[in-house]
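Asker: Next come a sequence and a model predicted from it.
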Amino acid sequence: MKKIKVAIAGVGNCASSLVQGIEFYRRRNEQPVGLMRESICGWRPGDIEIVAAFDVDARKVGRSLEEAVFAAPNCTRVFQPTLATSGVTVQMGPTLDGIASHMSDYGEADAFRPADASPVDVARALRDAGAEVLVCYLPVGSESAVRHYAKACLEAGLAMVNCVPVFLASDREWAARFRSAGLPIVGDDIKSQVGATIVHRALARLFADRGVELDRTYQLNTGGNTDFLNMLERSRLQSKKHSKTESVQSQLDERLKSQDIHIGPSDYVPWQNDNKVAFIRMEGRGFGDAPLELELRLSVQDSPNSAGVVIDALRCAKVGLERGVAGPLEAPSAYYMKSPPCQMRDDEARNALGAFIGEPAAECSDIAAEAD
């Protein structure tokens, strides 16, 4: 089987975990663990090949991909230290709004330094590399930069997996642009494999299904990677808070008032590195109006937690390309993303995803056309 040729926008911690994961599962002969699906329509994680990568940091631009994924300020867990030679050199992308101004203060040794290079023509670079799918890992708040890469996908004829809360698949205009171009998109804003949002969603649904009235809830998150550092600039947080909040609200039979729900990144703790700690509190009333309170602490390695989902989303994007399904892939987006074009309960999304990857090409295209 041929490879799924993928380009990466943003060679940070998440990209590092993805690249390590592809090699990790390619080398494993025994029954693999940690995957939601070992195979999607015959495609396995090791069938993904990175053919292009873009960044703006001087420590990464111009270096080989296998060097750049371990370069500072990346701090994610190294679980696959030896990587095959990729032949991919990280190219200079457009900066635009991709870097918050305070990122230059990221410690004396690790302060951000833009590369002394001119941005490449991204669409041309994607075509020259033969890429089929672009995965977007740009920082939260990079509205213009993310749209620049989306336009490059449309121009170069690539599918897209949008892992950040810049709304494309869930935006009517952008969805129409991908549909008109005959290209699939999976988005927006990746759910982690077992992360704060998916756990919070499940608990919110559990309360409702068991007849408990949810009165108030919060989710507070801390971490020490560049994602949390970037979000210290509160003006960049609006889309992220909206994405995470609506993801939980969508699981409730009745929406909570805005003053009764607080979900969002809370603080940057440098020594946590890529360890993300989430605190969830839920207050409700059960039988006889009796009070019920739940508190949960979840500690995860943030970037591997998302890479396990991206592995699946990329394979679904390839399936969409093979079957000629254009526009947002609703089932994969609903299952893998916080802000899909169509929110579903997670069990329904999982069943819809199973139908999507199990249907013959013509029938799956018919289903997508009917959904439009």
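Answerer: The structure has been received and is ready for your questions.

Asker: Would you mind listing the buried residues in stretch 185-198?
Answerer: Neighbour-count burial for stretch 185-198 flags 185-193, 195-198 (criterion: 16 or more other CB atoms under 10 Å). Where you see a C-beta, it was placed from the backbone N, CA and C, and this is true even at glycine.

Asker: end to end, how far does stretch 34-47 reach?
Answerer: Stretch 34-47 has an end-to-end distance of 17 Å (criterion: CA to CA, to the nearest Å).

Asker: re earlier: can you list the buried residues of stretch 185-198 in a markdown table and add pLDDT?
Answerer: Listed next are those as a markdown table, based on pLDDT from 0 to 100:
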| residue | pLDDT |
| --- | --- |
| 185 | 98 |
| 186 | 98 |
| 187 | 95 |
| 188 | 97 |
| 189 | 97 |
| 190 | 97 |
| 191 | 96 |
| 192 | 96 |
| 193 | 96 |
| 195 | 95 |
| 196 | 96 |
| 197 | 94 |
| 198 | 96 |
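
Asker: So which of those residues are in strands?
Answerer: Taking DSSP state E, the ones among those that sit in strands are 185, 186.

Asker: In the buried residues of stretch 185-198, find the pair that's most separated.
Answerer: 185 and 196 (24.7 Å; CB to CB).

Asker: Now render the buried residues of stretch 185-198 as CSV, adding distance to residue 214.
Answerer: Supplementary listing: these in CSV, determined by distance: CB to CB, whole Å:
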residue, distance to residue 214
185, 33
186, 30
187, 28
188, 25
189, 23
190, 25
191, 20
192, 22
193, 25
195, 20
196, 17
197, 16
198, 17
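
Asker: can you tell me which of the buried residues of stretch 185-198 lies nearest to residue 166?
Answerer: residue 188 (6.8 Å).

Asker: which residues touch the closest one?
Answerer: 162, 164-170, 243, 333, 337-340 (CB atoms under 8 Å, 6 or more residues apart in numbering).

Asker: Point out where the chain drops to low pLDDT.
Answerer: Low-confidence segments of the chain, defined by pLDDT under 70, are located at 1, 29, 103-111, 359-372.

Asker: all strands of it, in order?
Answerer: Using DSSP E, the strands found in the chain span residues 4-9, 48-55, 91-92, 133-136, 159-162, 184-186, 213-223, 261-268, 275-285, 291-301, 327-328.

Asker: Can you add distance to residue 123 and give the ones you listed back as JSON lines?
Answerer: What follows is the strands of the chain, written out as JSON lines (distance: least, CB to CB, whole Å):
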{"stretch": "strand 4-9", "distance to residue 123": "11"}
{"stretch": "strand 48-55", "distance to residue 123": "11"}
{"stretch": "strand 91-92", "distance to residue 123": "12"}
{"stretch": "strand 133-136", "distance to residue 123": "10"}
{"stretch": "strand 159-162", "distance to residue 123": "13"}
{"stretch": "strand 184-186", "distance to residue 123": "16"}
{"stretch": "strand 213-223", "distance to residue 123": "33"}
{"stretch": "strand 261-268", "distance to residue 123": "32"}
{"stretch": "strand 275-285", "distance to residue 123": "34"}
{"stretch": "strand 291-301", "distance to residue 123": "34"}
{"stretch": "strand 327-328", "distance to residue 123": "20"}
